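In: Give me the fold of what follows.
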Amino acid sequence: MKSFYSCFFLVPPSWSIEPKDHTVTQGQSAIIDCVAHGYPIPLITWKYLQNDENNSSEMTTASHYKLIRSGPHYQVYENGTLRISNTRITDKGTYLCQASNGIGSGLSKIIQLKINSK
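Out: Next comes the predicted model:
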């Protein structure tokens, strides 16, 4: 009788594609990549900074960010890519991508989305 053993290594998240600042023309779609790998596979979440103009970077905390859920305007794909359809001027601002798998402290990256008028 043969015995088989599986060996798994726990690996904290690291960036495959780190999110970057993005500029798009109003009405076009914005596609922002945020891809991380690790084991277990990291969970990617996107958040939007509320009241961006009123928050200074020194006083901004995680509680100022609102979780983005997929819907008609925002789509968060399984690989971590965020798609904002038919962008509006109100979509401009600060976005936070987080990757976590319970190993280590996880990753986070803040990016700026700029919307140019038509």
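
In: CA only for contacts and neighbour counts going forward, please
Out: Fine.

In: Quick check: residue 63 is in a helix.
Out: Yes: assigned with DSSP: H, G, I helix; E, B strand; the rest coil, residue 63 falls within a helix.

In: Which parts of this protein are strands?
Out: 11-17, 22-25, 30-32, 35-39, 43-49, 65-67, 74-76, 82-84, 93-100, 107-116 (DSSP state E).

In: Could you name the helices and strands sitting against the fourth one?
Out: Meaning strand 35-39. Secondary-structure packing of strand 35-39 (3 or more Cα pairs under 8 Å, 6 or more residues apart in numbering; DSSP states H and E): strand 11-17.

In: Skipping its backbone neighbours, what lies nearest the residue positioned nearest the centre of the chain in space?
Out: Residue closest to the average C-alpha location in the chain (Cα atoms, centre = their mean): residue 97, at 2.6 Å. Distances taken as Cα to Cα, 6 or more residues apart in numbering place residue 46 nearest to residue 97, at 4.6 Å, with adjacent residues excluded.

In: wait, doesn't the one you found sit right on residue 94?
Out: No: between residue 46 and residue 94 there is no contact under Cα atoms under 8 Å: 10.7 Å.

In: The two: who's more crowded?
Out: The residue with more neighbours, out of residue 46 and residue 94, is residue 46; 22 against 19, by other Cα atoms under 10 Å.

In: where's the more buried one relative to residue 69, distance?
Out: 8 Å (Cα to Cα, to the nearest Å).

In: need the contact list for the residue nearest to the centre of the chain.
Out: Contact analysis of residue 97 by Cα atoms under 8 Å, 6 or more residues apart in numbering lists 19, 34, 44, 45, 46, 47, 108, 109, 110.
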